[in-house]
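[1] I'll drop the sequence and a predicted model, then ask my questions.
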Amino acid sequence: MANNYKLYSYRWVVLAVFMFINLTIQILWVTYAPITGPAAEFYGVTDLQIGLLAMSFMIAFIPLSIPVSWIIDTYGFRLAVSIGAVLMGVFGLLRGFAGANYSLVLWSTIGIAAAQPFLLNAWTKVPANWFAIEERATAV
C-alpha cells in the first residue's frame, strides 16, 4: 500500500525551526553546568542546588513523557510543540529576569523542564508528517 504524501517545499524550514526550538531548550537545560561554582556563589547556594537546576529537567521528563506523548498522538505535534515553545519562552524570560533570586530561577527552570517533553517527544512526528519515506532518515 503506497502512501501519497504531499511534500511542501517549506518542510525544511519547518525542520529548521523545530531544530532551533530544541536547540534553545537544550541550552536552557545546561546553562549552569559549565559555571556551577560561580553560579553557586552568585545565588548564595551550594553546588548541589545549582545541579538541581539541570536535574529538574530529568525529574520532570519521566512523569510527563507519557501524558505528553498522548497529547502529541491525539492532538498533533503542532499543538504540542506550540505548548512547549510557549512554556519555554515564558519561563525562559522569567528566569532571565529573576536576577539573583534563586527560588524564582528554580521555579522558572521547572517550568522550562515541563516544556521539554513537548519538544523532545515530537521528534519522530516531524519527519513522519512532513517528509517522504526516503527523506525521513535525513530529517531525523
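    On my side now, so go ahead. Residues are numbered from 1 along each chain as shown.
[2] helix/strand/coil for the residue most central in space within the chain?
    Closest to where the C-alpha atoms of the chain average out (CA atoms, centre = their mean) is Gln116, at 3.2 Å. What DSSP: H, G, I helix; E, B strand; the rest coil gives for Gln116 is helix.
[3] tell me which residues of whichever strand or helix holds Ser65 are tucked away?
    Using DSSP states H and E, Ser65 sits within helix 47-75. Residues of helix 47-75 classed as buried: 49-50, 52-54, 56-57, 60-61, 64, 68, 71-72 (neighbour count, 16 or more other CB atoms under 10 Å). Yep, even glycine has a C-beta here, placed from its N, CA and C like the rest.
[4] mean confidence score for the helix or strand that that helix is followed by?
    Next helix or strand after helix 47-75 toward the C-terminus (DSSP H and E): helix 77-96. In this model, helix 77-96 carries a mean pLDDT of 97.
[5] mind starting the numbering at 563 from now?
    Noted, 563 is the first residue going forward, which turns the last one into helix 639-658.
[6] using PDB, list the CA coordinates for helix 639-658.
    The C-alpha trace of helix 639-658 is given here as PDB (Å, rounded to 0.1, in the frame of the first residue of the first chain):
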ATOM      1  CA  PHE A 639       2.700  17.700  17.100                       C
ATOM      2  CA  ARG A 640       1.800  21.200  16.100                       C
ATOM      3  CA  LEU A 641      -0.200  21.900  19.200                       C
ATOM      4  CA  ALA A 642       2.300  20.000  21.400                       C
ATOM      5  CA  VAL A 643       5.300  21.900  20.000                       C
ATOM      6  CA  SER A 644       3.400  25.200  20.400                       C
ATOM      7  CA  ILE A 645       2.700  24.400  24.000                       C
ATOM      8  CA  GLY A 646       6.300  23.500  24.600                       C
ATOM      9  CA  ALA A 647       7.600  26.600  22.800                       C
ATOM     10  CA  VAL A 648       5.200  28.900  24.800                       C
ATOM     11  CA  LEU A 649       6.200  27.300  28.100                       C
ATOM     12  CA  MET A 650       9.900  27.600  27.200                       C
ATOM     13  CA  GLY A 651       9.500  31.200  26.100                       C
ATOM     14  CA  VAL A 652       7.600  32.400  29.100                       C
ATOM     15  CA  PHE A 653       9.600  30.600  31.800                       C
ATOM     16  CA  GLY A 654      12.900  31.300  29.900                       C
ATOM     17  CA  LEU A 655      12.200  35.000  30.000                       C
ATOM     18  CA  LEU A 656      11.100  34.800  33.700                       C
ATOM     19  CA  ARG A 657      14.300  33.000  34.500                       C
ATOM     20  CA  GLY A 658      16.200  35.700  32.700                       C
END
